[in-house]
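*Asks:* Return atomic coordinates for the entry below.
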Amino acid sequence: MLDLILAVLHHLLVFGLFGVLFSELIVVRRGIGQAAAVRIASVDFWYGVLAGLILVVGFSRAIFAAKFWDYYANNGFFWAKIVTFALIGLISIRPTVCFIRWRRSGVAPDDAEVTSVRRLIHIEVVLFALLLGFAAAMARGYGEF
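*Replies:* Numbers count the residues shown, from 1 in each chain. From the prediction side, this is the model:
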């Protein structure tokens, strides 16, 4: 039963994170107003919270659930998934810093910076899709050393 609970929670958190990321992709575009820039900083806060919860629940699942740590530790797709998740997190730092600066500035961000941030969000979305592919391969037993 623990495996099922952790699996469902992990999936809900991942879908939530994707929802936040997708909302950033929709809202962050040239011509964004100050009000939207303030809101996106609040939305991005949940990006960090969900990412942290995904790590806690995901590693709990890998250690305590049905397949246990040895299954994951010896799977290349698991490690590819972890590296991709970390890469997404690193890429998300710059947009987060920009969102905070936009909120504090009191003025709408300029289009050049918005374009740059939007490009990073696009990269995050592509990597997120790759991460899901790694997860699906891992769950089916591919990638064992």
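*Asks:* I'd assumed residue 31 was in contact with residue 118.
*Replies:* No - the pair residue 118 / residue 31 is not scored as a contact, 11.6 Å apart, by C-beta atoms under 8 Å. The way it works is simple: take the backbone N, C-alpha and C, and place the C-beta from them, glycine included.
*Asks:* Show the subsequent helix or strand relative to the helix or strand of the chain with the lowest mean pLDDT.
*Replies:* Ranking every helix and strand in the chain by mean pLDDT, DSSP states H and E puts helix 68-73 at the bottom, with a mean of 93. Per DSSP states H and E, helix 68-73 leads on to helix 76-91 as the next helix or strand towards the C-terminus.
*Asks:* show me where the protein has helices.
*Replies:* Here the chain has its helices, by DSSP state H, at 2-27, 34-64, 68-73, 76-91, 93-105, 111-139.
*Asks:* Out of those, point me to the one whose mean pLDDT is lowest.
*Replies:* With a mean of 93, helix 68-73 has the lowest mean pLDDT of these.
*Asks:* if we can go back for a sec, counting neighbours, go ahead and name the busier of residue 118 and residue 31.
*Replies:* Counted by other C-beta atoms under 10 Å, residue 118 and residue 31 do not tie: residue 118 has more neighbours, with 19 against 9.
*Asks:* In contact with the more buried one, which residues?
*Replies:* For residue 118, the contacting residues are 25, 28-29, by C-beta atoms under 8 Å, 6 or more residues apart in numbering.
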